[in-house]
Every structure is written in structure tokens, then in C-alpha cells.
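S.K.: everything below, folded, please.
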Amino acid sequence: MRKIIAVLFLLFFIVPSGAAEITMTAADAMRTAGDMVRRGDFEHANQILTQLPDTGSVALEIERRFLQGRIAQQRGDYDAAIKIYQALLDTYPGLARVRFEMAVCYMHQKKWRRADYHLRLAMAGDDLSDDAKRVMNYYRYVVRQNKNWNVWFNFGAAPDNNVNNVVGGQECIMTMFGLMCRTLDAPESAIGANLTLGGNYEFKLSDAWRWKSEANVYANFYDKSKYDDLYLSMATGPRYVWTRGDVWLAAAGIIIRIMFRHRLNPRLTCRRPRSHGTAAMRKAAIISAVTCSDSRWTAPGI
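M.R.: Residues are numbered from 1 along each chain as shown. Next comes the predicted model:
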């Protein structure tokens, strides 16, 4: 267990009778500031939080930053609150209460998708009480009731050491004329990127029913352009929302797939040529027809 070092410091408050001097420990000061925030006394709570020196305790410093975020949130400065909460989550991503309050800030800004994302992460915690989960579930229901459109964009690097999806080496088959082999394509390396762009929109039919349509573009681009791929897809259908979740019944499919890949795996084609003569001559003619259909096929020893 982390040992918390008590720190004594002085606070000066402006009260009707004049300045009052109070001495308390850092832990007591943090509890006092928290009580003030809950009562709506943001001015004096902020005085404590700003005058309190560095406590040397991770728990107390997290509480200090969280209360400063709560003050900004209660004052309606949601951007400042989100900035404080995000800084905390960057270092301590498992703080469910912080993530919940940031989701509430996004709800006030009508950024429903972000609010839903952080609510889902907050609910993933194992130490949440049933009451806390019920509150978060209700907030998620409010989010689902309000959001009617989303747009997303993703971009990333896509290095590939086998972009042509082959195994290389040599492939041999046994035929009636003996063993025949060919050299397979060697794996190729390529440097590229993938891109995803999409969005959806919902027409509100009633409090519970929506008509949702969605479109996506997914693409891979490489320095070897013959391996580029582009997908366009779409889905549409009714969506039902209730207090515990939602369901979307959609007809989906790939509208178009543009493939720049033109490589085809060679296949062996045997055609019996029209020839006359001895059996040895007919055998030689068949082997010649096979090797001509794909020059990479060879008959060892012929």
C-alpha cells in the first residue's frame, strides 16, 4: 500500500469578518475541497486546489486534477474539463469515474459518438457498483436516443513482406509422363498505407425506431501499385433503440471492389496434340505442348 505523507500548509480565506488562517493536512484539504465542489462552492475549492503544494502522493494528485476538472465542468467550460480528464486518462486509463465525467462533457457538447465510446470504456471496469452501472446504462440510452449521424476516418501504415500472398519455392506434380516441376513466385515486399472513410445517418421515425444508412470506403495503397485494393460498401435498414441496447437490421454488401492486382497463378494445361508416329514421338509432342502452355513448367530429364 502506498504511504501517504501528511503535509501541513496554510490557507487564507476571505470571509465577512476578515482573513481566516486554517492549518490542515493535504488529505484533509483534499476532502474539504471535494465537499466544497459538491456544495457548489467552486471559488473556495479552487483556492485550496491551487494553493496546495505538491503532496508527493499519486492518489492525492489525481484527486486534485479530477476536482479541477469537475470545477471546470460545473462552470460549463467543457473544453477545459475534457482537457484535464484526457491528461489524466493518458497516464491512468483505468480511471472509470474520470472517463464517465468526460463522457458527460461530450454529451453536453452533443458529441454523442465520443460520449458513447467513453461510456462503454468506463463500464468495462470490474470494480463498478451496480448503481454506477445503472447510471451509465441510462446515459448510454440517452446517447442512443440522440445521435443520428457519425463520420469516421482512419489512416495507418501498412508494410507487407508478402503482399502478393505466395509461398515461393518449387511445386512438382507427378504425371503419367513423369515428375514435372515449376518455380513459384517469390514473396514480394511493399510499403503502403490503408485508409478507411465512412459515415452513417439515421432518420428518426419514432422515439424507438430509426432508419439507418451507412457507407464505407476502404483502400490499400502500396508503392507497387498493382497490389492496390479499393472497396466501396453500403448498408441500410431499420434500427430499434430501447433502454438496454439497440439492434440494427440492415441489408449490407460490397457495391464495388476495384482490384489493381493482375497477377494470376499459372495453371498447367495438358492438350493431347494431333501427331502421328511412334509412341516416343507422341510423348515428346505432349510434353512440348505442356511446357509451351506455361514456360515455367519443366520435365526433369527431358
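S.K.: please make it C-alpha for all contacts and neighbour counts, starting now.
M.R.: Noted.
S.K.: where in the stretch 1-150 of the chain is pLDDT low?
M.R.: 1-23 (pLDDT under 70).
S.K.: where do the strands sit along it?
M.R.: Here the stretch 1-150 of the chain has its strands, by DSSP state E, counting those that start in this stretch, at 8-15, 18-25, 149-157.
S.K.: list the strands paired with the last one, with their directions.
M.R.: According to DSSP bridges, strand 149-157 has the following sheet partners: strand 192-204 (antiparallel).
S.K.: just say helix, strand or coil for Tyr231.
M.R.: strand (DSSP: H, G, I helix; E, B strand; the rest coil).
S.K.: Asn220 is in contact with that one, correct?
M.R.: No. In this structure, Tyr231 is not within contact of Asn220 by C-alpha atoms under 8 Å, at 9.1 Å.
S.K.: so what does Gly168 look like in phi/psi?
M.R.: phi 70, psi -170 (degrees, to the nearest 10).
S.K.: what is the neighbour count of it?
M.R.: Gly168: 12 surrounding residues under other C-alpha atoms under 10 Å.
S.K.: I'd assumed Ala186 was in contact with it.
M.R.: Yes. With contact defined as C-alpha under 8 Å, Gly168 and Ala186 form a contacting pair (4.4 Å).
S.K.: which non-adjacent residue is nearest Tyr141?
M.R.: Nearest residue to Tyr141 in three dimensions, chain neighbours excluded: Thr243, at 5.4 Å (C-alpha to C-alpha, 6 or more residues apart in numbering).
S.K.: quick one, what contacts that neighbour?
M.R.: 137-138, 141 (C-alpha atoms under 8 Å, 6 or more residues apart in numbering).
S.K.: and these, which of them are buried?
M.R.: Taking 16 or more other C-alpha atoms under 10 Å as the criterion, what is buried in the contacts of Thr243 is 137, 141.
S.K.: and the chain, what are its domains?
M.R.: Split into domains by automatic domain parsing, the chain comes to 8-148, 153-160+189-259, 170-185+265-293.
S.K.: right, and Leu184 touches Gly168 too?
M.R.: Yes. Leu184 is within contact range of Gly168, at 5.0 Å (criterion: C-alpha under 8 Å).
S.K.: spatially central residue in this protein, please.
M.R.: Asn154 (8.6 Å; C-alpha atoms, centre = their mean).
S.K.: does that one touch Gly198 like I think?
M.R.: No. At 9.2 Å, Asn154 does not count as touching Gly198 under the criterion of C-alpha under 8 Å.
S.K.: give me the phi and psi for Lys226.
M.R.: phi -70, psi -10.
S.K.: against Thr196, how distant is it?
M.R.: 20 Å (C-alpha to C-alpha, to the nearest Å).
S.K.: how about Ser129?
M.R.: From Ser129 to Thr196 the distance is 37 Å (C-alpha to C-alpha).
S.K.: check contacts around Arg70.
M.R.: Arg70 touches 37, 81, 101, counting by C-alpha under 8 Å, 6+ apart.
S.K.: ok, and the closest non-adjacent residue to the first one?
M.R.: This points to Val37. Ala45 (6.2 Å).
S.K.: next, the contact list for that neighbour, please.
M.R.: Ala45 touches 32-34, 36-37, counting by C-alpha under 8 Å, 6+ apart.
S.K.: quick one: Asn220 is in a strand?
M.R.: Yes. The assignment for Asn220 is a strand, going by three-state DSSP.
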